[in-house]
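Participant: Using only what follows, build the 3D model:
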Amino acid sequence: MMCVCRLSVLDAIAVKHPRAHLPATLAVRALAASSPVDESALRARIDPIARKMLRKGVAAMLRGLLGAVGAALLPLLDTMAGEYVAVLRDTGRFDATSEEEPASTLFWALFMHARAAYERGDHAEALKRLDAAHAHTPTSIDVASLRAKTHKRAGNATLAYQAAEAARDMD
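Facilitator: Numbers count the residues shown, from 1 in each chain. Got it, this is the predicted structure:
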């Protein structure tokens, strides 16, 4: 069981230092490590972190969140990424009360969704999602790099090399 006092201390630090990323990440890590995991509480902690990172365009975001929650909770991140993609495509905002998001936020949600499929080893789905991200922003080095890694993991060295060269040419 997670000590509520630890979360309250992290919340107090987050209030005092609103730009600090670590208190929120530690709170997610603590909730993810608790047994049993309260997915709704975890989702409520992950959501503001993910939205902030999607707005900023942090390519390593899913990797950091995955490290915080662990591989067992990867389906939760995948579901959240899919929800972000759907709502941003439909409305251009995260919810009815938020402001309209720039187009880049949808791109990073698409990338997060592709990265989740990559992390769980579903190469075909990752490539499909990378195609959607590439269609949105064809000049993204991050998409080309993840495409190369995905092909490499899938065992297709030729396509991995071609994607890596495409990423290198963009740089």
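Participant: and Val85, helix, strand or coil?
Facilitator: helix (DSSP: H, G, I helix; E, B strand; the rest coil).
Participant: Next, work out how far apart Gly67 and His123 are.
Facilitator: 21 Å (Cβ to Cβ, to the nearest Å). To be clear about C-beta, it is placed using only N, CA and C from the backbone, and glycine gets the same treatment.
Participant: Counting neighbours, go ahead and name the busier of the two.
Facilitator: Neighbour totals were compared for Gly67 and His123, and His123 leads with 18 against 13 (other Cβ atoms under 10 Å).
Participant: nearest residue to the more buried one other than its sequence neighbours?
Facilitator: Ala154 (4.0 Å; Cβ to Cβ, 6 or more residues apart in numbering).
Participant: Over to Arg120?
Facilitator: Computed as Cβ to Cβ, 6+ apart, the closest residue to Arg120 that is not its neighbour in sequence is Leu74, at 5.5 Å.
Participant: Please work out how many residues are found near that neighbour.
Facilitator: By the measure other Cβ under 10 Å, the count of residues near Leu74 is 18.
Participant: which other helices and strands contact the helix or strand hosting it?
Facilitator: In this structure, Leu74 sits in helix 74-91 according to DSSP states H and E. If contacts are counted by 3 or more Cβ pairs under 8 Å, 6 or more residues apart in numbering; DSSP states H and E, helix 74-91 sits against helix 39-56, helix 61-69, helix 103-119.
Participant: any weak-confidence spans in the protein?
Facilitator: Residues of the chain that meet the criterion pLDDT under 70 lie in 1-5.
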